[in-house]
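**Q** Sequence plus predicted model, see below.
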Amino acid sequence: QRVSVEVLEHLEHLALVDFRDAEGVERLQKAIQFADQLHEVNTDGVEPMDSVLEDRWCLYLREDDVTEGNCTKELLENAREKVEEYFVAPPGNIPLPKLEERETFLQSS
Amino acid sequence: AALNDGLRSQVSAALKEGRVAPTELCQRCLALIKSTKFLNAYITVAEETALKQAEESEERYKRGQPLGILDGIPIAVKDNFNTAGIETTCASNMLKGYISPYNATVVQKLLDQGAVLLGKTNLDEFAMGSGSTDGVFGPVRNPWSYSKQYKEKSVPKSHSEDEESNWVITGGSSGGSAAAVSSFTCFAALGSDTGGSTRNPAAHCGVVGLKPTYGLISRHGLIPLVNSMDVPGILTRCVDDAAVLLGSLAGHDPKDSTTIQDDFKPFELPNLTDVSKLSIGIPKEYHAPELSSEILALWSKAADLFKNAGAKVVEVSLPHTPYSIVCYHVLCTAEVASNMARFDGLEYGHRSDVKDSTESMYAATRREGFNDVVRGRILSGNYFLLKQNYEKYFVKAQKVRRLIANDFVKVFRSGVDILLTPTTLSDAAPYTEFIQEDNRTRSAQDDILTQAANMAGLPAISVPTALSERGLPVGLQFIGRSFQEKQLLTVAKWFEKQVQFPVIQLEEVKRHDSDVFQHQKSASFS
């Protein structure tokens, strides 16, 4: 059962990485096939496990006290584009072009 | 002091007594790094800062106030740990040029105790892989490729063929760290372990690789792969040294809420002489069909070693072992999909020149920054997390995870103290052979024996056991109960003493430190 082009495109949108070529798509197909083996295991009545430390309840919320900060300068140093104390991004709220308009391998699928 | 001396017993004493100076140790290691550059173990060598740290350490020793056993000890750190002021790349284009603004907690702890940070070691890109071959800085070469032991056993197929085409991989993903320790360029190194990434290269490079219990050592500053399984790993040349490192790193970190709050007390390992009260479990499912007959024989011999010494050795079953890799595949890709989302070019790392929109900039940045392996895992992970797949794959994998973890609980409850298994399916493969298969296939094969311990969060250690027919290291793995590192390491230390694994004979090292070969052992396990 092959993954549809719609789902492949949807994944490229969600992940914001591309399949690049037929090999990339095949890689996903094989990954799904591999994962399907999970269904051989009987998990009736088994609860999903989030953390191996679940018995220790160690994931806690700490007090809302400020213990560190004032490191704006250090944090901005690694950004390529910034203005004063802002990270600069291109305009938002513009969806990725549709499949037909994008330069993507999936077009030829 | 010789470069292969034990930390607590020999090097520390030598430093305290002034027989060797920290600056001298540092310089020796830096020189050796230079002459072993062909191994490609290091991505960044922090020569200036290392020498400065060594000088400061020397001052402390002169005043008679060393900070501890690690004061002045040269160490290396895998390049997926943040190190303030030093480039941290994860062997990816995505982070080339990224200078960390902070130290990972484990790095800070080492520096606070006076350790000398020599540099950052090479790995598979973003720690995804089992060969240390898939990073942007190229593959790491196993130092044993250049050892007398390996060269003696390899028959050149023609006159033109030389070491260049014959070299073997280190295993991965902490290959750089394993190679660095194995080639004596540092006394200990940090790795990371999510599916076996510390134990696998440790086995292939003939060094000790410790994966601590999940929650014991802070992950703050370790660039995450799988939050529910990652742990910092420790690579050393002997089990005692691993205990020293563990002692300096373990403990609750307020900056990592997945570290347990219990007090951790560093320990010295006793010299176990009586193993009669020990119960060793041999999980039958670890007898994988792909396991080499050589390693099977060594495993069997090791079991006999314990039996003959009076320990109780029993076959046990961990029935869900065959599903561990599949389970890992789903959980890992799902968490990776989430963890890699932070790389968008805005705050740090590579940024594409594309300017049309935020989304297209993100897409282009990630297209340019990640290699095939990383992209493949992100896409697979996103697939398994789709609404229509979430229950079927992700939640299902979480349920299987519980079954895997429960297998171990049942076995430990039945009276078994430690499990003994092989670490890898075979000795290190030649690079040309290894790259014939793709990364995912390789990882699926190579992680089989190590992965389940990450699934269950248990501590595990690979101990160098013997040399293979090809003259390459083979390690065996011990898996212990949660937070029972002292027992685990005590047994590992006993085993290490029994097998007397040979010292690697490297020309480069011999030139720099002839003392190393004074410690040659004539007996060996194989």
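**A** The structure has been received and is ready for your questions.

**Q** low-scoring pLDDT stretches of chain A, where are they?
**A** Applying pLDDT under 70 to chain A flags the ranges A:57-58, A:99-104, A:107-109.

**Q** And for it, the residue most distant from the center?
**A** residue A:65 (31.0 Å; CA atoms, centre = their mean).

**Q** how close does it sit to chain B?
**A** 11 Å (CB to the nearest CB, to the nearest Å). C-beta: built from backbone N, CA, C; applies to glycine.

**Q** can you pull the buried residues of stretch B:270-286?
**A** Buried residues in stretch B:270-286, defined by neighbour count with 16 or more other CB atoms under 10 Å in any protein chain shown: B:272, B:275, B:278-283, B:285-286.

**Q** what's the closest of the residues you listed to residue A:45?
**A** When those are compared for distance to residue A:45 (CB to CB), residue B:285 comes out closest, at 22.9 Å.

**Q** Now do the same for the closest one: its pLDDT.
**A** Looking at residue B:285, its pLDDT stands at 97.

**Q** Test my guess that it contacts residue B:315.
**A** No: applying CB atoms under 8 Å as the test, residue B:285 and residue B:315 come out as separate, 10.4 Å apart.

**Q** can you give me the strands for chain A?
**A** A:82-83, A:86-87 (DSSP state E).

**Q** Show me the residue of the stretch 101-250 of chain B that gets nearest to chain A, please.
**A** residue B:101 (4.0 Å; CB to the nearest CB).

**Q** Look up how far residue B:292 lies from the closest residue to that residue other than its chain neighbours.
**A** Using CB to CB, 6 or more residues apart in numbering or on different chains and skipping the chain neighbours, the partner closest in space to residue B:101 is residue A:74 (4.0 Å). Distance, residue A:74 to residue B:292, by CB to CB, to the nearest Å: 50 Å.

**Q** So which of these two has more stuff around it?
**A** Higher neighbour count among residue A:74 and residue B:292: residue B:292, with 16 against 13, using other CB atoms under 10 Å in any protein chain shown.

**Q** tell me the contacts of the nearest residue to the more buried one once chain neighbours are set aside?
**A** Nearest residue to residue B:292 in three dimensions, chain neighbours excluded: residue B:426, at 4.1 Å (CB to CB, 6+ apart). By CB atoms under 8 Å, 6 or more residues apart in numbering or on different chains, residue B:426 lies in contact with B:291-292, B:294-295, B:468.

**Q** For the residues you listed, pick the one with the most neighbours.
**A** residue B:295 (23 neighbours).

**Q** and residue 80, what does it touch?
**A** Picked chain A for this. By CB under 8 Å, 6+ apart, the contact set of residue A:80 is B:345, B:351.

**Q** think we crossed wires, I meant chain B
**A** So residue B:80 contacts B:88, B:90, B:123, B:126-127, B:192, B:222-223 (CB under 8 Å, 6+ apart).

**Q** Could you identify which of these has the most neighbours?
**A** residue B:123 (33 neighbours).

**Q** What's the per-residue pLDDT of that one here?
**A** As predicted, residue B:123 sits at a pLDDT of 98.

**Q** Could you look up the SS state of it?
**A** coil (DSSP: H, G, I helix; E, B strand; the rest coil).

**Q** ditto for the one 3 residues further on
**A** Under three-state DSSP, residue B:126 falls in the helix class.

**Q** roughly how far apart are the residue lying closest to it once chain neighbours are set aside and residue B:349?
**A** Spatial nearest neighbour of residue B:126, excluding adjacent residues (CB to CB, 6+ apart): residue B:90 at 4.9 Å. For residue B:90, the distance to residue B:349 equals 10 Å [CB to CB].

**Q** Check residue B:419 too.
**A** With distances taken as CB to CB, residue B:419 is found 40 Å from residue B:349.

**Q** again, but for residue A:62
**A** Distance from residue A:62 to residue B:349, by CB to CB: 29 Å.

**Q** And the two? Which one has more around it.
**A** Remark: of residue A:62 and residue B:349, residue B:349 carries more neighbours, 23 against 8, as counted by other CB under 10 Å.

**Q** In a strand, that one, correct?
**A** No: checked against three-state DSSP, residue B:349 lies outside a strand; its state is coil.

**Q** Closest one to residue B:109 out of the buried residues of stretch B:270-286, please.
**A** Distances from residue B:109 to these, taken by CB to CB, are shortest for residue B:272, at 28.0 Å.

**Q** and the closest one, what pLDDT?
**A** 92.

**Q** Which residue is the nearest non-sequential neighbour of it?
**A** With CB to CB, 6+ apart, the residue lying closest to residue B:272 is residue B:494, at 4.3 Å.

**Q** Okay, strands next: where are they in the stretch 301-450 of chain B?
**A** With strands called from DSSP state E, counting those that start in this stretch, the stretch 301-450 of chain B shows them at B:312-316, B:418-422.

**Q** so after the one helix or strand residue B:25 maps to, what's the next helix or strand?
**A** Assigned by DSSP states H and E, residue B:25 belongs to helix B:22-35. Downstream of helix B:22-35, the next assigned helix or strand under DSSP H and E is strand B:42-45.

**Q** Are there helices or strands packed against that following strand, and which ones?
**A** helix B:22-35, strand B:116-121, helix B:175-182 (3 or more CB pairs under 8 Å, 6 or more residues apart in numbering or on different chains; DSSP states H and E).

**Q** okay, now residue B:471: neighbour count?
**A** Neighbour tally, residue B:471, other CB under 10 Å: 18.

**Q** Next, the contact list for residue B:53, please.
**A** Contacts of residue B:53 (CB under 8 Å, 6+ apart): B:26, B:111, B:114-117.

**Q** ok, which pair from these is furthest apart?
**A** Checking the contacts of residue B:53 with CB to CB, the most distant pair is B:26 and B:111, at 14.0 Å.

**Q** quick one, which of those two is more surrounded?
**A** For residue B:26 versus residue B:111, the count of surrounding residues by other CB under 10 Å is larger for residue B:26: 24 against 19.

**Q** Nearest to residue B:41 among the contacts of residue B:426?
**A** residue B:468 (21.7 Å).

**Q** Can you name the residues that contact the closest one?
**A** Residue B:468 touches B:294-295, B:426-427, B:474, B:526, counting by CB under 8 Å, 6+ apart.

**Q** please redo it, this time with the cut-off set to 10 Å
**A** Applying CB atoms under 10 Å, 6 or more residues apart in numbering or on different chains, one finds that residue B:468 lies in contact with B:149-150, B:153, B:292, B:294-295, B:298, B:426-428, B:474, B:526.

**Q** what does residue B:116 give?
**A** Taking CB under 10 Å, 6+ apart as the test, what residue B:116 contacts is B:22-23, B:25-26, B:29-30, B:46, B:49-57, B:70-76, B:110, B:186-187.

**Q** if you set the cut-off to 6 Å instead, what comes out?
**A** Shown in contact with residue B:116 (CB atoms under 6 Å, 6 or more residues apart in numbering or on different chains): B:26, B:50, B:53-54, B:74.

**Q** for residue B:190, helix, strand, or coil?
**A** On the basis of three-state DSSP, residue B:190 is classed as strand.

**Q** In terms of helices and strands, where is the closest residue to it other than its chain neighbours?
**A** The shortest distance from residue B:190 to any non-neighbouring residue, by CB to CB, 6+ apart, is to residue B:77 (4.7 Å). Mapping residue B:77 onto the secondary structure by DSSP H and E places it in strand B:74-78.

**Q** what's the pLDDT at residue B:515?
**A** Note on residue B:515: pLDDT of 50.
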